[in-house]
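Undergrad: this is a predicted model, with the sequence first.
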Amino acid sequence: GGDGDGDGDGGGGALGGGDVFIENALDILAGMLEDNNAVDNIVLEVNALKFAYNRSVADCAAVSLQSLLARVQALALRAGGVESGQCGRKALLKSLKEGVHTWAALLRRYVTTGADQQKLIEALEELCEDALPWVADVFQFVMQALYDHDVLPEQAIVRWAAAADAAPAGSARKARRTQCAPFLTWLAEAESDSGDENEDD
């Protein structure tokens, strides 16, 4: 089709605004997530763009995450009967759980190594500061949902937290680290519990 040749004609405020790969991928993903397409079909489309624009697996993961979270927000707004602006936190968290449950398999296709996991968290942090600022308020819950659905393992989250500990006081990253404290405590306790169980085997 001739719909992939609109070079640099749009300035969508996405990750790195004006990036044609991201604009096209977000456009395709938005439609496919809306239509509940099979993950295999979505991956075929995203991979076609990946090769066309010579992009990395990390770029595919980042744009998939951005699309998923944009879909979460749209569903929460719809559930709250709000066309624009704010949606209730409760609706957002419910939509987040459902959205990650539905589309985690898509992210898992692109997040297979420790480096991929680190880049996905970096992409999530970028979204907080750029395209999807509302994510900053629920960052902990996004991390937890990605953990619950086997996109991010515990060690990736702990590694991120250790790096975030070193962030300057008052920085956005430090604030995200503070927000995640209850989740990190829970992770540490869950780990020690499973260690106890393993010793009983």
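TA: On my side now, so go ahead. Here the structure is a predicted model, which is why all the values come from computation and not from measurement.

Undergrad: what helices or strands is the host helix or strand of Gly31 leaning on?
TA: In this assignment (DSSP states H and E), Gly31 forms part of helix 20-34. Under the contact criterion of 3 or more CB pairs under 8 Å, 6 or more residues apart in numbering; DSSP states H and E, helix 20-34 touches helix 39-52, helix 57-79. C-beta coordinates here come from the backbone N, C-alpha and C atoms, glycine included.

Undergrad: between helix 57-79 and that helix, find me the angle.
TA: Counting by axes from the mean of the first three to the mean of the last three CA atoms, to 10 degrees, helix 20-34 lies at 50 degrees to helix 57-79.

Undergrad: list the buried residues for helix 20-34?
TA: Neighbour-count burial for helix 20-34, counted by 16 or more other CB atoms under 10 Å, picks out 20-29, 32-33.

Undergrad: contacts for the helix or strand of the chain with the lowest mean pLDDT next, please.
TA: The helix or strand of the chain with the poorest confidence is helix 181-200; it has a mean of 85 (mean pLDDT, DSSP states H and E). Outside helix 181-200, the residues within contact range by CB atoms under 8 Å, 6 or more residues apart in numbering are 140, 143-144, 147, 154, 157-158, 161.

Undergrad: 7 Å instead, please
TA: 140, 143-144, 154, 157, 161 (CB atoms under 7 Å, 6 or more residues apart in numbering).

Undergrad: for stretch 50-57, same thing?
TA: Contacts of stretch 50-57 (CB under 7 Å, 6+ apart): 4, 20-21, 60, 110, 116.

Undergrad: format the CA atom coordinates belonging to stretch 111-131 as CSV.
TA: Taking C-alpha atoms only, stretch 111-131 is exported to CSV below (Å, rounded to 0.1, in the frame of the first residue of the first chain):
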residue,chain,number,x,y,z
VAL,A,111,11.4,-8.0,25.6
THR,A,112,13.5,-11.1,25.9
THR,A,113,16.9,-10.1,27.4
GLY,A,114,18.1,-8.1,30.4
ALA,A,115,19.1,-5.3,28.0
ASP,A,116,15.5,-5.3,26.5
GLN,A,117,14.0,-5.1,30.0
GLN,A,118,16.2,-2.1,30.9
LYS,A,119,15.4,-0.3,27.7
LEU,A,120,11.6,-0.9,28.3
ILE,A,121,11.8,0.7,31.7
GLU,A,122,13.8,3.6,30.2
ALA,A,123,11.0,4.0,27.5
LEU,A,124,8.4,4.0,30.3
GLU,A,125,10.3,6.7,32.1
GLU,A,126,10.5,8.8,28.8
LEU,A,127,6.7,8.4,28.3
CYS,A,128,6.2,9.9,31.8
GLU,A,129,8.2,12.9,30.8
ASP,A,130,6.9,13.4,27.3
ALA,A,131,4.1,11.7,25.4
